[in-house]
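Undergrad: I'd like to go over a predicted model; first the sequence, then the structure.
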Amino acid sequence: MKRLRELHPYVYGEQPNIKGLIKLNTNENPYPPSPKVLAAVKAAVDGRLRLYPNPTAQALREKLAKLHRCHENNIIVGNGSDELLALATRCFVEPVSEGGVPRRPNLGSRGARPSGIIQYFTPSYSLYPVLADIHGAARNAVPLKSDFSLPSIAELKDGRGKPPKGGTPNRWILDAALTFVTTPNAPSGRGYSTRELDALCKAQRGVMVLDEAYVDFAGENALKLALKYPHILVARTFSKAYSLCFQRVGYFVGHRDLIAALHKIRDSYNVNGLGQIAAEATLDDLPYYRANFKKIIATREWLSRELTKLGFRVLPSRTNFILARPSRFSAPAWRQSLRVQKVLVRWFDRPEVKDYLRITIGTAAEAEALVNAVRKILTRR
Ligand code: PMP
């Protein structure tokens, strides 16, 4: 298939197995899951592995419904939130090409078929354009403002953003079939207020996913908007704040009709049994995790101050990572020098962020090691 031959897949963060490497490149949590979670998973490893897990993650959905004060019909659990983001594209967006016969994409600003458009801000989570390409949907990438804040509704309607390269339309399309908003934003770390997100929800007519992968490190969340509007889904994950990347558990909260539509097309047993058990046990031990959020936030603020003193321009973050523009030499050169010092950070070869490093917040000791490595590099160069 032509579309597949030309597809640029999602670029994963490296997972190298190097002894002593400080891994600050994939926004993993530096603290392990709670001892109660580890015990629950270990206790479940026995002959029952031969059985299929609960197909709807019923017990987990019940616990989540209680936590979020909604009904279990407002919740779908996925194999990581990535699975649910992909399901949403299949569920709510008409592919541009059908039956293997490519149709000319009919793009937004030039008279779009909104039912075939996936819309998102740039920069944001780099999976969204890949999902659009896999599905054969038209992409509408609309730039955030230069400080990564959200354009106002008036600005979005006017399309006052800078025209992106490659002729992609940048006028915001209120009835795009599916819109993804990373909030707090990745990779900038910037937080958005519930008030401005509410205004966006009110204006938007197509389905919109508020991707709150990092929200536990922010001051506020927009979950209530998923329960207020019929076209809004909030995406959450156990990966980052709850130290469970390995188990792959994420979920959507939203109107029961949207959730029912997603349930119709998911795999029968999309959430593995040990993942369900780990996530349930996590919800039984939330104070353990809340203490970790506090530690990570304190380290984030300390590291931001220290790197600023060393000449980095650090953007304020509401997440478990920071975006920092180094001085003296280029961001990719810094990435390489830090790697030599056994500190792994992320650099994105994308125009809006190519001058920055994205640094995951590790433990206090890891943050200190990073600062020491930066000092060493600065004195050597
Ligand atoms: N959304 C955002 C913004 C992310 O950065 C990630 C992690 N790369 C995800 C969703 C997916 O997380 P997971 O599939 O581990 O739940």
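TA: That came through fine.
Undergrad: okay, how far is it across stretch 4-18, tip to tip?
TA: Terminal residues of stretch 4-18 lie 33 Å apart, using Cα to Cα, to the nearest Å.
Undergrad: give me the residues contacting it.
TA: 23, 25-27, 126-127, 130, 133-134, 342, 344, 346 (Cβ atoms under 8 Å, 6 or more residues apart in numbering). Quick note: C-beta positions are derived from backbone N, CA and C, even for glycine.
Undergrad: most surrounded residue in these?
TA: residue 25 (24 neighbours; other Cβ atoms under 10 Å).
Undergrad: and stretch 129-143, end to end?
TA: This stretch, stretch 129-143, spans 14 Å end to end (Cα to Cα).
Undergrad: please apply the same query to stretch 209-218.
TA: Terminal-residue distance, stretch 209-218 (Cα to Cα): 18 Å.
Undergrad: give me the number of residues near residue 154?
TA: Neighbours around residue 154, by other Cβ under 10 Å: 9.
Undergrad: tell me the phi and psi of it?
TA: Residue 154 has phi and psi values of phi -60, psi -40 when expressed as degrees, to the nearest 10.
Undergrad: show the contacting residues for it.
TA: Neighbour list for residue 154: empty [criterion: Cβ under 8 Å, 6+ apart].
Undergrad: point out the residues in the stretch 201-350 of the chain that sit beside the ligand.
TA: Residues of the stretch 201-350 of the chain lying near the ligand by Cβ under 6 Å from any ligand atom: 211, 213, 237, 239, 245, 250.
Undergrad: highest neighbour count among these?
TA: Neighbour counts for those (other Cβ under 10 Å) peak at residue 211, which has 28 neighbours.
Undergrad: beta partners for that one?
TA: Per DSSP bridges, the residues bridged to residue 211 are residue 182, residue 235.
Undergrad: check whether it really touches residue 125, as I assumed.
TA: Yes - applying Cβ atoms under 8 Å, one finds residue 211 in contact with residue 125, separated by 6.3 Å.
Undergrad: can you check which residues contact both of the two?
TA: Shared contacts of residue 211 and residue 125, defined by Cβ under 8 Å, 6+ apart, comprise 180, 182.
Undergrad: what about stretch 287-296, distance to the chain center?
TA: Its chain's C-alpha centre lies 20 Å from the corresponding centre of stretch 287-296 when counted by Cα atoms, centre = their mean, to the nearest Å.
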